Every structure is written in structure tokens, then in C-alpha cells.
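> Here is a sequence together with a model predicted from it:
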Amino acid sequence: MSVFLRSLFLACLVAGPLSSFAQVSSAGSVVASERVRAELVAHAPEGVAPGKPVWVGLQLAHQPGWHTYWKNSGDSGLPTTVQWKLPAGVTAGDIAWPVPKKIPVGTLANYGYEGTVLLPVPLTIAPDFKPSPFGGGDLEVKLQANWLVCKKECIPEEGEFALKLPLRSTTAMHAADFQAAFDANPKPVVQGTAGAIPDSVAKVTAKGIDVEVQGLPVALRGQHLEFFPETPEIVEPAGAWTQAWKGAVWTAHVPYSGQRSTTPGVLPVVLVQGDKGWRVDLKVAGTWPPAPVTATAVSPALQDALKANAAQQPATAPIGLAAALLGALLGGLILNLMPCVFPVLAIKVVGFAQHADDRRTHRIAGFAYTAGVVVSFLLLATVLLALRAGGEQLGWGFQLQSPAVVAALAALFTLIALNFAGVFEVGSMLPSSLASMEVKHPAGNAFLSGVLAVAIASPCTAPFMGASLGLAATLPAAQALLLFGVLGLGMALPYLAASLVPAVARLLPRPGAWMDVFRRLMAFPMFATVAWLVWVIGQQSGIDGAGALLVLLVALALLVWTLTLRGRARTLLGAASLAVLVAAAWGVGPLVVQPAQAATTARADGDWQPWSQSKVQQLVGAGQPVFVDFTAAWCVTCQVNKKTTLTHPQVLADLKQRNVALLRADWTRRDPAITSALSALGRNGVPVYVLYQQGKPPVVLSELLGVDEVRDAVRKL
């Protein structure tokens, strides 16, 4: 690589790994998917003013068969969350949760909503509230909401909403919806009034929880009530429980879940009859938990849940440091055979060809390349360990989770390809003093080619690397850096050995005119790498991001070409092309790093469904085996496995015959949940392929996935 390319690449390397992950999307009052239509609605029947009732709410209209969750989701799932952005003088209260329904899922049970539900939130207008002079006389409400929608599969969704409420007029278009939500909000149970009504209690016993509720309406006596605790992990949602009326007192015996180790003083619960509900705070009596949970005391539903939790534990015990170092060395060696490293092979081959009869240059280049690889591994490892120590959920390959880094690498490879193709030469673009540095210091090129090899190849893990990288995250910093250094040495070892063995040099043809043709031919693997990186941007930032990157690359190529001209044409066209590049970067550059609009919610991919931890637990708990593909668009090995082994007819037939659920965990963009799941498996990068089965530890397959390996693992289910 030239001195010009070195400067650009080092700037990308320094700035890229620490780039933030842009969160840009347009906001309206409605966000719709194939599963849920979500809308931000408002209700201000007396206008927006201090002391007046002002309500906003998230209305979720579910497609048939889909549901979202209550504040306590039950055995699995997650409640809907809301974050408000309001002007000064306006505050939001808590969600006034309507009564939920019990939704059975196999041997488990969830608490949630089907059909259409409105989650209302009260707004308080302070006396000193002053509308913004730029708001047009309206109160602007902004909302960031997240919800998990489930059917047979669970899909996390989110949306950004914005709504303006007029200050001088009423807002009552959704009055009926809000009234229905108010009616479905649990009413407080009258208790402890002047000693006439005793307190309602929850008595913890060795066999469960005995509930006594006082003060319920007379009309409910003799009716069957549903029982919903607001605090999770207290009772077993799917467990068998009994209820009875003793005069005016409603009693029940509910199974204790055994998952909570602290003693709550109060247990808030909601009792439901039909579409009406009553809320009561039960005073807890007794020790929590009542007794150690034994195998004989656990119900079948809880046993399934515990097995599902056990299935999330690492498949193997942690390996020792010596074994990890050996695995890192072997993994680094094998990394040279992984598809991830193919883009750098062209640069290596050109370097060998240019110095086929220069033994001294070969040796220097070998040592410099090794130093570049090892130093780069240590630098990435240092950044990774420092960020993880600061609380960031990051894994190996984190640098390519940033669209800014991917775009910078695409620009770098475009320049390399143009240089190989003969569009420009260093001597024609830089002062002679700088251009001569490339000749005087060839080791610099070899060093930076090692840096580039790590930037492109390191995100994927090779056989033997996975366990070593997983252990590195738990080791002291010095031992972890030693492990990463050995990994880099393993990757550089073949090139170093080749540069030191004379027999390799004798196998290469003599330099000649053929080298110019060969160098130009090698431009096409570089262009292919650019195409791959543009595709990665498309996965991260959508079709608009990929298109924006292509515009920037064309503008960059135009600038490079104009710099090869002479005289006045170079000055005029160079200035114009630079202006075009700056304008393109200003106008469409932000599209490159924004999240893909279509990727704000996870989508199904054929038979594959989006991964979530709760989904794995739910399926395994119901007795269905699960195969998880931890993958990323920037992992070439992942894509090779996806297009070969994972689409092989025999593999798909075996998976279907065993009723294996297929989940895909896409790590293309930063996802702390996936990072945590990989860490639980003792892994720190992708690809990772795991088979989960009820009552058994997960089976982690190899990174270079073979048809026979998958079929053998599936047949053992």
C-alpha cells in the first residue's frame, strides 16, 4: 500500500472502533409491522392546562394470534416500556395498565394482551408551564416505546412517535378508547377502613401461598376470579391453584415459584372477573422462601422452566490458560484458511510477486507483517477489554458492528483497487519526498498489510479460537493480552515461515512484464471486497445507506482520478471533485450510519425466526429442540455456512423431521443481548452454532460447519 493509503487507513483504525452507533429514524403517530399496529393517541377533553385531565397512550392493535405483555409477563416475555420526551413543566406518570389475560404457552403461562389494547399514561401540567414559541401553540409529545410481540415466535419491536396537542382546544377523538382503558384499569379494593375490614394477607407456607382478600364488592361473591401478581417470579403462572369464598372473604392457595430469594413486605395483586379488575396490596406473613425447593416439591411446569434455564449454561467447563494459548495459536493458523481472510490474499500475493528474487526484502516483510498482525490484535484486545471493563457489552469483531468503520474500509479498499488497476500511482499524487518513503521503507507496507488483515479477518472465529476468546474475556488483562498476542502470532506464522524459507521463493516466477498484468488482475478481488462491504452496510443501514455509500465511493474515485491530471485541469477539476465529495458526505453521509428502517424490528427469514433469549427458553421449556445461528453480515464465514450447510436439503430435512425450531441471532449491529448469550456459551465472536434440548446442556458445533456434523448432532436429539 502507498503512503497515501497508510494515512487514510490509520485514521480509520483510530476513529472507527470508538465510533458511536447512530440511532436515527423519523417519528410519526403510527408505527406498523406485520404483527402490530402501534399508535400514539391523546385525550384532553378540557384542553391542555394546569389541573385539567390530560392523557396520552400507546394503542397496540395485534394481528390475530399475536400478543404483547402486561407489567408482569409471567413465565416468559417482557413488558412494554415507554420513555417520554416532554417540554419543561410537563411530567408523565406511570402506565395505567388494563387488566391482562392469562395466555397459555405449552406447559407455561404468560400474562398479556391480545386484540387491541390502550396503555394510558397521565400527563401533569405544572402551573409554570410555558409552551415553546416555536411549537405553534401546541404541546409536543414524543415517545420511544419497546414491546415484545409473540405468537409461536417472539419478535422485539420498537417505535418512535410524535404527537402535537393543541393548547386552546380539546382533544377527544379517542375518548371511547380511553374510557374503555379506564374501565379496564383495576379498581382499588377497600380495606382496613376504621378497623371494620381486616387487612388482606398472603401467608407463606411450606406448600405455597395462602391468600385472603377482604373488602371485595358484594356482587363478586361466589364468582371465579383470575389471580395476577404484579411482582414477577413470586407465583408459578401455570401452576395448579385453588380458590374459594368464605363468606365475604375470597381465599386461594397458589403455588410458590421458588425463584425469589428475598422477602417482600407487600405483594400487590390484581383479581379479574371478566373484563373488570380489582387491585389489592397483600401483606406478606411468613418467611420467603418458605423452604428449600426440592425435586419432589417442584411442579412439572416449574421443572420445565428450570430445565430451560439450565439449557442456557455453557456447554463445557472453562479451559485452562495453557490449553487456551494452544487453541489461540492453532486458531490463528486456521484463520488463514477462513473465507474472512480472502480479501487480503491479493495484497499478500502481489507483495510476494514484486520481491520474488529479493530474499532480504522477503525476510523484512515477513517480520513487519507479523508485527502488524500481533500489534493490531493487541490494540483491538486492549480497546475491547477497556470498553468491557467500563460496562459495554462487546464481543470480538465489535469494530465491524459500526457502519462508520465498514464505510471507511470500503473507501480504503476502493483506493487499493484503483491503485492496483493503475488509475493512480503514488508518485503522481504526492510530493517526491513522501513518495520516496515507500521505496525507502518497504517494511511499512508489510506492517500495514498485517493491520489490514486483522481488521478484515479478525471478526470471524476459526476452530479452536472460540473457547480461547471466550476465556480471554474472564482473564486478568495481562493474561488476556498474552492470549490475543499468541492468536496474532498464529495468524502471521504461515507468512513469516514462507518469507524465511528459501524454497518458497524458488517456487515463484521471475519478475517481468507479467507482474503488471497480475497486479491489475488483483484489483478485482479488491472491488469484490468493496461490494461485500456495501452489502454489509445494506444490512446495517438499509438500502438507503448502501446507496449513500456508493455515491461517496464514486465521488472518492472521481477525486482520485482528477489528482492524476496535469496542469490547470488538475487544479480546476480537483477542486470541483473535492466539492462534490464534501457535498455528498454532507448530504447523504448520515444515511450510511443510520439504522435500517426495516431493521428496527426483527424479521423472519424463511424458516428462520429472529432470536431472543426468552424465545429459546419458551421453546425449550415446551419440549421443542432449538438450533441457533449466531451470525453477522460482516462475517464471511457465517455467510458461506449459511449458503452451503444451512441450506443443504438433507440438513433442512433432518431439522424438520426432528421438529427443530430455527432461530437466527443477527449480530451485524451491536446487540448486548446476543453478546451476553455468546458469553454464557463461553464464546466471544461469531459464527457460533448451538443446539438446545430440554434437560440437556447445549451442543456447540464447529465454526466451519459441515453437513455431516449438523446431521449427526440432530439425529442425537
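Nice, thanks for sending it over. Residues are numbered from 1 along each chain as shown.
> for the biggest helix by length in the chain, which positions count as buried?
Criterion DSSP state H: the longest helix present in the chain is helix 523-562. Applying a neighbour-count criterion of 16 or more other C-beta atoms under 10 Å, one finds 523, 525-527, 529-530, 532-534, 536-542, 544-553, 555-560, 562 buried in helix 523-562. From N, CA and C alone the C-beta is placed, and that goes for glycine too.
> Report the distance from that helix to the chain centre.
24 Å (C-alpha atoms, centre = their mean, to the nearest Å).
> angle of the following helix or strand past it against helix 523-562?
Taking DSSP states H and E as the definition, the helix or strand that follows helix 523-562 towards the C-terminus is helix 567-587. Between helix 567-587 and helix 523-562, the angle comes out at 110 degrees (axes from the mean of the first three to the mean of the last three C-alpha atoms, to 10 degrees).
> Check which helices and strands helix 567-587 sits against.
Under the contact definition 3 or more C-beta pairs under 8 Å, 6 or more residues apart in numbering; DSSP states H and E, helix 567-587 sits against helix 523-562.
> helices and strands around the helix it packs on, which ones?
Using 3+ C-beta pairs under 8 Å, 6+ apart: helix 523-562 touches helix 342-354, helix 403-420, helix 567-587, helix 589-593.
> closest one to Glu233 among those?
helix 403-420 (38.4 Å; C-beta to C-beta).
> Run a quick neighbour tally on Gly265.
Residue neighbour count, defined by other C-beta atoms under 10 Å, stands at 8 for Gly265.
> Let me fix that, I meant to ask about Val149.
The burial count assigned to Val149 is 25, neighbours taken as other C-beta under 10 Å.
> Okay, it and Lys716: tell me how far apart.
34 Å (C-beta to C-beta, to the nearest Å).
> Same check on Thr91?
For Thr91, the distance to Lys716 equals 57 Å [C-beta to C-beta].
> likewise His62?
38 Å.
> which of those two has more neighbours?
A direct count of neighbours by other C-beta under 10 Å for His62 and Lys716 places His62 higher, at 21 against 11.
> what's the pLDDT at the more buried one?
For His62, the pLDDT comes out at 94.
> Okay, and the beta partners of it?
Beta-bridge pairing of His62 under DSSP bridges involves Val36.
> got the contact list for it?
His62 makes contacts with Arg35, Val36, Thr68, Tyr113, Glu114, Gly115, Thr116, Val117, Val149, as judged by C-beta atoms under 8 Å, 6 or more residues apart in numbering.
> just Leu282 next, same as before
Per C-beta under 8 Å, 6+ apart, neighbours of Leu282: Ser200, Val201, Ala202, Val211, Val213, Val266, Leu267, Pro268, Val269.
> go with 10 Å
191, 199-203, 209, 211-213, 229, 264, 266-269 (C-beta atoms under 10 Å, 6 or more residues apart in numbering).
> So it belongs to a helix, correct?
No - Leu282 sits outside any helix when classified using DSSP: H, G, I helix; E, B strand; the rest coil, being strand.
> For it, report the pLDDT, please.
pLDDT, Leu282: 88.
> Report the beta-bridge partner residues of it.
Going by DSSP bridges, Leu282 is paired in beta bridges with Leu267.
> any idea how far it lies from His67?
Leu282 is 27 Å from His67, by C-beta to C-beta.
> cool, Phe129 as well?
Distance from Phe129 to His67, by C-beta to C-beta: 37 Å.
> More neighbours: these two, which one.
Neighbour count, other C-beta under 10 Å: between Phe129 and His67, His67 has more, with 27 against 18.
> Just confirm the more buried one contacts Lys101, I think it does.
Yes - His67 lies in contact with Lys101 (C-beta atoms under 10 Å); the separation is 8.6 Å.
> Read off the pLDDT value for the nearest residue to Leu533 once chain neighbours are set aside.
Using C-beta to C-beta, 6 or more residues apart in numbering and skipping the chain neighbours, the partner closest in space to Leu533 is Ala410 (4.0 Å). Per-residue pLDDT puts Ala410 at 81.
> How about Asp94?
Predicted confidence (pLDDT) for Asp94: 92.
> let's number from 892 now, not from 1
With 892 as the first residue, the last one maps to Asp985.
> Can you give me the distance of Val939 to Asn1336?
Using C-beta to C-beta, we find Val939 at a distance of 66 Å from Asn1336.
> Likewise for Leu1447?
21 Å.
> go on, Leu1224?
In terms of C-beta to C-beta, Leu1224 sits 24 Å off from Asn1336.
> ok, now Thr1420?
18 Å.
> wait, Leu1464 sits on Val1451?
No - contact criterion C-beta under 10 Å: Leu1464 and Val1451 do not qualify, at 11.6 Å.
> what bridges to the closest residue in space to Glu1044 that isn't next to it in sequence?
Leaving aside its sequence neighbours, Glu1044 sits nearest to Gln1500 (C-beta to C-beta, 6+ apart; 4.1 Å). For Gln1500, the beta-bridge partners are Leu1554 (DSSP bridges).
> Any idea how many residues pack against Gln1500?
With other C-beta under 10 Å as criterion, Gln1500 counts 21.
> Report whether the expected contact of it with Ala1552 is present.
Yes - using C-beta under 10 Å, Gln1500 makes contact with Ala1552 at a distance of 7.2 Å.
> separation between Ile1509 and Leu1424?
You called it Ile, but residue 1509 is Gln. Counting by C-beta to C-beta - Gln1509 and Leu1424 are separated by 36 Å.
> again, but for Leu1303
9 Å.
> before we move on, what about Phe1073?
For Phe1073, the distance to Leu1424 (C-beta to C-beta) stands at 53 Å.
> now swap in Ala987 and tell me
With C-beta to C-beta as the criterion, Ala987 and Leu1424 are 48 Å apart.
> what do you get for Glu1103?
From Glu1103 to Leu1424 the distance is 66 Å (C-beta to C-beta).
> Could you do Leu1449 as well?
Taken as C-beta to C-beta, the span from Leu1449 to Leu1424 is 19 Å.
> cool, Glu1048 as well?
28 Å.
> Please parse the protein into its domains.
921-1076, 1084-1180, 1209-1488, 1492-1606 (automatic domain parsing).
> worst average pLDDT in the ones you listed?
domain 1209-1488 (a mean of 70).
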